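Asks: the following block contains a protein sequence and its predicted model.
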Amino acid sequence: MKLLVARLLVGLLVATATATTAPPTGGSGSGGETRSANKHNTKHGFTHGQDVLILDSPSHDFVGDTQPYRFHKIVRIPCAEPFCSKESFQSLLQNSMAVVSVLSWTSKHVDVQINTVVDPASVLPFLSGVSVLVDDVQDLVDREMNRLALSQAAFASLDMESLFAPDVWFSDYHKYDQIVAWFKDLSDKFPDLITFIPSIGKTYLKKDIIGIKVGSSVNADTKPQFWFHSGDHAREWIGPATVQFLVHNLVTEYASNPTLLDSTELIIVPLMNVDGYEHTWSGNRLWRKNRRPIKKDFFGSVGVDLNRNWPAHWGEGGSSSYPFSDTYMGPSAGSEPEVQSLISFFKNDNHTRLIGAIDFHSFSQLILRPYGWTEERAPDEKHLKTAGDGIRDAIKRVSGKKYVSEREIDLYAASGTASDWFYDEEVQEWLPDRRLYAYTIELRPSADEANGANGFILPPDQIVPTGQEILAAVKYYLDYARKNPLKV
Ligand SMILES: [Zn+2]
């Protein structure tokens, strides 16, 4: 009851404050002013409905709140054209305090997690046809946390060798410490193929972000390099699990098929947002951002969206300047320690042969290519499309699953993303003779299969089939990029 009172009190404060306070204007930093980001996120375009939308502070952590998703529902908003394609609609969702998170976005509908004690139809009164997919998000998360508690107890009874046996390891998700130990163990088993880097940098909470390099000693100094990373968004557990599956299969296949690792080196950060990931294991299963408290924020908001914080046209649309938002871009471009760690590792002197980079997310089954921040056609659109479509087709051949290959901007605007950074000017300054095959891949499930509810809580029996289809896709991708490098 106390928490409910606290929530409503905060809601009232929020309503009062946002009625009189302009949104933050962002900070200095290489991204410069936040011109376009703030262009649409004022209240002016959304006068009706705005008052009832302001109910709570989604990123505020109430101390001792063991039920963070109480009063949360998941609703589906049908896309009546041209509604879903309107920037103003996207901005509304990203800058409304009742909207905890936009879960998926398709041409047919948008699924949104909202925090409300009232009927969603009342929360979004200006929209018709809104349907409730999940009436009690807390119940959904509680069931998953109970399931995990049982599986973790079973794992705890095993010795390391039994736990790391592939059949056991890939039967479920694992905590950060276990993942680190697993990679270390795998590198010990394949010392000629894997280099384990204990820390490429620290998170806000001083946790080590690990790095992995995979490749044989053949052509070690000349072969092209590719970058993979995952776990930017804490709740997208299938991303790090898929990267583990990829590494495991590539090294175990090497004895029978050495071609790939003789001709390619992979540079991998398997779990970027360690703090956020650990937070998801504490019951806050649907947490997305990192865990840095935002200084001087009136509402005590926590966390920056690490895939809106890269210095790649940062703050130029598709992100929020409100710290409470799930897509908060941060106070300045590249402000977050996790983004800084990956950038400095990416620009390591030994990484001058990079020709491609993939950032693995979930969900919706998408292969997204540059750009996210502008409608402008990427200079290498032809090759980027061919390779993206090829990834899609390789997946379908393995599992029959339909992924959509498209430009990110054609789905929704997003700036400050990793994949635009991989492709854009900053990397160009460092590797001036080329551009990279840069993609964001959204893994299982599809937006329709998820039914808006369990998209992030993907059943663990999906780990292996997801890994198998992505393994095939990655093999195709590496081969295509090696044969068709993008030159400037
Ligand atoms: Zn994501």
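Replies: Here it is on my side, so go on.

Asks: now do the SS call for the one residue in the stretch 101-250 of the chain that gets nearest to the ion.
Replies: Relative to the ion, the nearest point of the stretch 101-250 of the chain is residue 233 (3.5 Å; C-beta to the ion). Every C-beta, even on glycine, is put in place using the N, C-alpha and C of the backbone. Put simply, residue 233 is coil when judged by DSSP: H, G, I helix; E, B strand; the rest coil.

Asks: contacts only, for it.
Replies: Under the criterion of C-beta atoms under 8 Å, 6 or more residues apart in numbering, the contact list for residue 233 reads 239, 273, 276, 288, 289, 305, 306, 307, 361.

Asks: apply 7 Å and report the result again.
Replies: Listed by C-beta atoms under 7 Å, 6 or more residues apart in numbering, the contact set of residue 233 reads 273, 288, 307, 361.

Asks: what about the helices in the stretch 301-450 of the chain?
Replies: Along the stretch 301-450 of the chain, counting by DSSP state H, counting those that start in this stretch, helices occupy 337-346, 381-399, 408-411, 418-423, 425-430, 447-450.

Asks: want to throw these into CSV with mean neighbour count, mean pLDDT and distance to residue 192?
Replies: Conversion of the helices of the stretch 301-450 of the chain to CSV gives the following (neighbours: other C-beta atoms under 10 Å; pLDDT from 0 to 100; distance: least, C-beta to C-beta, whole Å):
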stretch, mean neighbour count, mean pLDDT, distance to residue 192
helix 337-346, 20, 98, 22
helix 381-399, 18, 98, 28
helix 408-411, 20, 90, 38
helix 418-423, 28, 97, 28
helix 425-430, 15, 90, 29
helix 447-450, 19, 86, 40
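
Asks: just how off-centre is stretch 178-196 within its chain?
Replies: Its chain's C-alpha centre lies 24 Å from the corresponding centre of stretch 178-196 when counted by C-alpha atoms, centre = their mean, to the nearest Å.

Asks: same check on stretch 130-148?
Replies: The answer for stretch 130-148 is 21 Å, by C-alpha atoms, centre = their mean.

Asks: ditto for stretch 286-298
Replies: With C-alpha atoms, centre = their mean, you get 16 Å for stretch 286-298.

Asks: quick check, it touching the ion?
Replies: No: if you take C-beta under 5 Å from the ion as the test, stretch 286-298 misses the ion, and the best it gets is 7.3 Å.

Asks: end to end, how far does that stretch reach?
Replies: One end of stretch 286-298 to the other measures 23 Å (C-alpha to C-alpha, to the nearest Å).

Asks: can you count the residues close to residue 156?
Replies: Using other C-beta atoms under 10 Å, residue 156 has 8 neighbouring residues.

Asks: how far away is it from residue 165?
Replies: Distance, residue 156 to residue 165, by C-beta to C-beta, to the nearest Å: 15 Å.

Asks: then residue 342?
Replies: Between residue 342 and residue 165 the computed distance is 31 Å (C-beta to C-beta).

Asks: residue 455: what's it in contact with?
Replies: Residue 455 neighbours (C-beta under 7 Å, 6+ apart): 103, 104, 363, 445.

Asks: relative to residue 483, which of these is nearest.
Replies: Comparing those against residue 483 with C-beta to C-beta places residue 363 closest, at 30.6 Å.

Asks: and residue 146, how many neighbours?
Replies: Residues near residue 146, counting by other C-beta under 10 Å: 9.

Asks: how about the contacts made by it?
Replies: By C-beta under 7 Å, 6+ apart, residue 146 lies in contact with nothing.

Asks: any idea which helix or strand carries it?
Replies: Taking DSSP states H and E as the definition, residue 146 sits inside helix 137-156.

Asks: re earlier: among the contacts of residue 455, which ones are buried?
Replies: 103, 104, 363, 445 (16 or more other C-beta atoms under 10 Å).

Asks: residue numbers of the stretch 301-450 of the chain in contact with the ion?
Replies: Proximity of the stretch 301-450 of the chain to the ion, by C-beta under 5 Å from the ion, involves residues residue 361.

Asks: ok and the residue in the stretch 301-450 of the chain nearest the ion?
Replies: For the stretch 301-450 of the chain, C-beta to the ion, closest residue to the ion: residue 361, 3.3 Å.

Asks: isn't that residue right next to residue 239, touching?
Replies: Yes: with contact defined as C-beta atoms under 7 Å, residue 361 reaches residue 239; the gap is 5.8 Å.

Asks: which SSE is immediately downstream of the lowest-mean-pLDDT helix or strand in the chain?
Replies: The weakest-scoring helix or strand in the chain, judged by mean pLDDT, DSSP states H and E, is helix 50-53 (a mean of 27). Per DSSP H and E, the first helix or strand lying C-terminal to helix 50-53 is strand 72-78.
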